[in-house]
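Enquirer: Okay, predicted coordinates and the sequence, questions at the end:
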Amino acid sequence: MKIYLSVHIKSKPEHQEEVKAILQNLVVQTLKEEGCIRYDLHQGIDEESTFVFYEIWRDQKALDFHNQTSYIKALNALLENKLASEAALVKTTIL
């Protein structure tokens, strides 16, 4: 079963460009994963410090693999003190 995720991230305004660069690099790395079907990064128009990932994974095994990669494990340290709030993750399926 495919896994659909939306991840909402809000950076502190003074760290917006740095967070954007970190997240864009994450996209480059993640799209190389075999189980990644879609991994889109969006930036708010009215609130440019808001970022949203829209992800589709082949299955839970592919998502588990992604969550164990070195770049995901390093993400918290890279974003430390740069976010305005905790990231919000929404896991869905198509009805």
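Expert: Yep, it's here.

Enquirer: Residue 66 is in contact with residue 33, correct?
Expert: Yes - using CB atoms under 8 Å, residue 33 is in contact with residue 66, at 5.9 Å. For glycine as for every other residue, the C-beta is placed from the backbone atoms N, C-alpha and C.

Enquirer: ok, residue 79 - contacts?
Expert: Neighbour list for residue 79: 19, 22 [criterion: CB atoms under 8 Å, 6 or more residues apart in numbering].

Enquirer: pLDDT value on it, please?
Expert: Residue 79 is assigned a pLDDT of 93 by the prediction.

Enquirer: buried stuff in the helix or strand harbouring residue 77?
Expert: Remark: residue 77 resides in helix 75-79, with elements defined by DSSP states H and E. Along helix 75-79, these residues count as buried under the neighbour rule (16 or more other CB atoms under 10 Å): residue 79.

Enquirer: likewise stretch 50-70?
Expert: Under 16+ other CB under 10 Å, the buried positions of stretch 50-70 are 50, 51, 53, 55, 56, 57, 58, 62, 63, 65, 66.

Enquirer: roughly how far is it from the heart of the chain?
Expert: 8 Å (CA atoms, centre = their mean, to the nearest Å).

Enquirer: With stretch 59-73 instead?
Expert: Going by CA atoms, centre = their mean, where stretch 59-73 is centred and where its chain is centred differ by 12 Å.

Enquirer: the helices in this structure, which residues?
Expert: Secondary structure of the chain (DSSP state H): helices at 16-30, 60-67, 70-73, 75-79.

Enquirer: just checking, what packs against the second one?
Expert: Think helix 60-67. For helix 60-67, the contact count by 3 or more CB pairs under 8 Å, 6 or more residues apart in numbering; DSSP states H and E identifies strand 3-10 as packing neighbours.

Enquirer: Residue 1: which of the helices of the chain is closest?
Expert: helix 60-67 (7.7 Å; CB to CB).

Enquirer: how about the CA coordinates for that closest one, as PDB?
Expert: Taking C-alpha atoms only, helix 60-67 is exported to PDB below (Å, rounded to 0.1, in the frame of the first residue of the first chain):
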ATOM      1  CA  GLN A  60       6.000   1.300   4.600                       C
ATOM      2  CA  LYS A  61       9.300  -0.500   4.000                       C
ATOM      3  CA  ALA A  62      10.400   2.300   1.600                       C
ATOM      4  CA  LEU A  63       9.500   5.000   4.200                       C
ATOM      5  CA  ASP A  64      11.300   3.100   6.900                       C
ATOM      6  CA  PHE A  65      14.400   2.900   4.800                       C
ATOM      7  CA  HIS A  66      14.200   6.700   4.100                       C
ATOM      8  CA  ASN A  67      13.900   7.400   7.800                       C
END
